[in-house]
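Asker: would you be able to build a 3D model of this:
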Amino acid sequence: MTPKLRTALALSLSTLCATTASAQAEVTVQFWHSFSKGNEKALEQIITNFEAANPDIKIDADFIGNYNDIVTKLQAAIPANRAPDAVIMEVTRYGLFADRGVLADLTGYLDADPLKEQLFDFARKVGVYNGKNYIIPFNSSTPVLYYNKDILTRAGFTEEPALKTYDDVLKVARQITEKLGSEGISGVAAPGQFARWGLVMDNDSNLIDPDSNEVLLDAPNTIEAYQWMASLVHEHKVASPDGVTEEDNGRDAFWAGKVGIMFNSTGNYTQSRKALGDKLAVRPMPCNKVCSVPIGGAGIGILSSAKQEVKDAAYKFISFAASAESNAIWFAGTGYMPINKGAARQPAAAEALKTQPGIDVAIEQLEFAHGRPRPPVVTWMRSSEYDQWQAMALGQRDVAETLKAFATSTRNESQRLSN
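Answerer: Below is the predicted model:
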């Protein structure tokens, strides 16, 4: 073998070893999420930025479906040993998985992370279950009231009407339906579950008390709120039944210019503005008896089954995703409200606040926004509530009787889960 050939072979072996070492050093984090359409683009930007700053870590992000889909698929994946390393978990549903040891305790990570002091208090609290941190906040929201300015003008409103009580909303929805119903336009979209929770809270009640975990589904003010919501569909006929049997239908109809008013998450802001442009108006939720809205959204948890090096890499990504710079990208690109105190000072967020009217409404609502309960029964209750709502909204069952029976079932399920 000639000296030149030996040198070339040595260089080749050196390059191969370096490449192999690099490949072995790379840690891949499988991450399940629930973001599609415009929201997914903002997430992709955050992941791209993270991987550029951390070339030894790859984030394998998979869109799984909505929050309900994630719960269902995670429950199926765990016994089959196909669970991801990290997962988006809605803020009322992760308690079930924390309770069963599926999610890793992230308290030690967060306590050692400067991020802890950068998060707003409400954001820090959403990840705490039984005194420990199981998720780190990523996307936080409140429901807001959206309306189509063009539809209200065509319905005869020459100035913005009051939209602060149930009666206010019903009055406007009736006029829209009376004036434009022949064109296939409805006054209001049937409220989705997040909005239903908010409408119960602004009627001075709750579904489950966030402090005591007492079931309040059969409380008088809860029943009153559901009676009003159901009446929009089956009594006053200002909301289409299509939005009851499939909640996204109401949202899609609003985007298509076929609905005047919609109660929905701030996470729908970007798509709503894209669909309606300057016709879109965003206002706080009604204050029927009190001003009170639920804090929704999700955080990222790490599976206990992940290897330690993967857990470390996953937390590094989670912390990056909640940083001021990343949170500003997320806020500007989606409408989800800031969770990091420094996000609003970032250029992306500052530009959004200046150029996107209404994107600041959720921030304004923070003074009367409240966290929601996280005991294991909430996952069951939320999954079961859809059928109860459909029966009430379509006039198939009496609201008071339905909620009283549902409250009893929820208490029984809570007792079963605690045994």
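Asker: hey, where'd the strands end up in the stretch 151-300 of the chain?
Answerer: With DSSP state E, counting those that start in this stretch as the definition, the stretch 151-300 of the chain shows strands at residue ranges 186-188, 259-265, 280-283, 293-294, 296-302.
Asker: those strands: which one's closest to residue 128?
Answerer: Between residue 128 and those, the shortest gap by C-beta to C-beta is with strand 296-302, which sits at 10.4 Å. Every C-beta, even on glycine, is put in place using the N, C-alpha and C of the backbone.
Asker: return the distance of the next helix or strand after that closest one from the chain's centre.
Answerer: The C-terminal neighbour of strand 296-302 among helices and strands, as given by DSSP states H and E, is helix 308-321. Offset of helix 308-321 from its chain centre (C-alpha atoms, centre = their mean, to the nearest Å): 21 Å.
Asker: in the stretch 1-150 of the chain, where is pLDDT below threshold?
Answerer: Along the stretch 1-150 of the chain, the model assigns pLDDT under 70 to residues 1-25.
Asker: contact partners for residue 397?
Answerer: Contact partners of residue 397, counting by C-beta atoms under 8 Å, 6 or more residues apart in numbering, are residue 391.
Asker: please name the bridge partners of the most centrally placed residue in the chain.
Answerer: Against the mean C-alpha coordinate of the chain, by C-alpha atoms, centre = their mean, the closest residue is residue 297 at 2.8 Å. Partner residues in beta bridges with residue 297, using DSSP bridges, are residue 140.
Asker: would you mind measuring from it to residue 119?
Answerer: Summarising the geometry, the distance separating residue 297 from residue 119, computed by C-beta to C-beta, to the nearest Å, is 13 Å.
Asker: shared neighbours, the two?
Answerer: Each of residue 137 lies in contact with both residue 297 and residue 119 under the rule C-beta under 8 Å, 6+ apart.
Asker: returning to that earlier point: the residue nearest to the centre of the chain contacts residue 90, correct?
Answerer: Yes: the pair residue 297 and residue 90 passes the contact test of C-beta atoms under 8 Å, sitting 7.5 Å apart.
Asker: distance of the residue nearest to the centre of the chain from residue 81?
Answerer: Between residue 297 and residue 81 the distance, using C-beta to C-beta, works out to 29 Å.
Asker: look up how far residue 39 lies from the residue nearest to the centre of the chain.
Answerer: From residue 297 across to residue 39, the span is 11 Å (C-beta to C-beta).
Asker: mind listing the shared neighbours of the two?
Answerer: Residues touching both residue 297 and residue 39 comprise residue 267, with contact defined as C-beta under 8 Å, 6+ apart.
Asker: so who does the residue nearest to residue 293 when sequence neighbours are not counted touch?
Answerer: Among residues not flanking residue 293 along the chain, residue 142 sits closest, at 4.5 Å (C-beta to C-beta, 6 or more residues apart in numbering). With contacts taken as C-beta under 8 Å, 6+ apart, residue 142 has the following neighbours: 198, 265-266, 285, 293-296, 337, 362, 365-366, 369.
Asker: ok, now with 7 Å
Answerer: Listed by C-beta atoms under 7 Å, 6 or more residues apart in numbering, the contact partners of residue 142 are 266, 293, 294, 295, 296, 362, 365, 369.
Asker: and the pLDDT at the third one?
Answerer: pLDDT, the model's per-residue confidence, is 96 for residue 294.
Asker: just the last one next, same as before
Answerer: At residue 369 the predicted local distance difference test score is 93.
Asker: that one and residue 295 touch, don't they?
Answerer: Yes: counting by C-beta atoms under 7 Å, residue 369 touches residue 295, with 5.1 Å between them.
Asker: find the residues that touch each one of those two.
Answerer: Taking C-beta under 7 Å, 6+ apart as the contact criterion, the common neighbours of residue 369 and residue 295 are 122, 142.
Asker: how about the contacts of residue 142 in TSV, adding distance to residue 245 and neighbour count?
Answerer: Formatted as TSV, the contacts of residue 142 follow (distance: C-beta to C-beta, whole Å; neighbours: other C-beta atoms under 10 Å):
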residue	distance to residue 245	neighbour count
266	25	29
293	26	26
294	23	26
295	28	24
296	22	27
362	28	27
365	29	21
369	30	24
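Asker: nearest to residue 381 among the residues you listed?
Answerer: Distance from residue 381 was checked for each of those by C-beta to C-beta. The minimum falls on residue 294, at 13.9 Å.
Asker: list the contacts for the closest one?
Answerer: 142, 197, 198, 201, 370, 372.
Asker: then residue 202?
Answerer: Residue 202 touches 285, 286, 287, 288, 289, 290, 291, 292, 293, counting by C-beta under 7 Å, 6+ apart.
Asker: and for residue 310?
Answerer: Residues in contact with residue 310 (C-beta under 7 Å, 6+ apart) are 27, 29, 85.
Asker: if we go to 8 Å?
Answerer: Taking C-beta under 8 Å, 6+ apart as the test, what residue 310 contacts is 27, 28, 29, 85.
Asker: in a strand, residue 62, correct?
Answerer: Yes: going by DSSP: H, G, I helix; E, B strand; the rest coil, the assignment for residue 62 places it inside a strand.
Asker: just checking, it touches residue 34?
Answerer: No: because the distance of 10.4 Å does not satisfy C-beta under 8 Å, residue 62 is recorded as not touching residue 34.
Asker: PyMOL command for the buried members of the contacts of residue 294?
Answerer: The following PyMOL selection, which keeps only the buried ones among the contacts of residue 294, applies the criterion 16 or more other C-beta atoms under 10 Å:
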select buried, resi 142+197+198+201+372
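Asker: let me know the closest of the contacts of residue 294 to residue 333.
Answerer: Residue 333 lies nearest to residue 142 out of the contacts of residue 294, by C-beta to C-beta, at 17.9 Å.
Asker: now that closest one: phi and psi?
Answerer: Dihedral pair for residue 142: phi -130, psi 160, per degrees, to the nearest 10.
Asker: go through the one helix or strand residue 348 maps to and flag the buried ones.
Answerer: Secondary-structure assignment from DSSP H and E places residue 348 in helix 347-355. Applying a neighbour-count criterion of 16+ other C-beta under 10 Å, the buried positions in helix 347-355 are 348, 349, 352, 353.
Asker: among the residues you listed, which pair sits farthest apart?
Answerer: Pairwise distances across the buried residues of helix 347-355 peak at 10.0 Å for 348 and 353 (criterion: C-beta to C-beta).
Asker: returning to what we had before: after the helix holding residue 348, next one along is what?
Answerer: Of the helices and strands lying after helix 347-355 in sequence (DSSP H and E), the nearest is helix 361-364.
Asker: helices or strands up against that next one?
Answerer: Helix 361-364 makes packing contacts with no helix or strand when contacts are defined by 3 or more C-beta pairs under 8 Å, 6 or more residues apart in numbering; DSSP states H and E.
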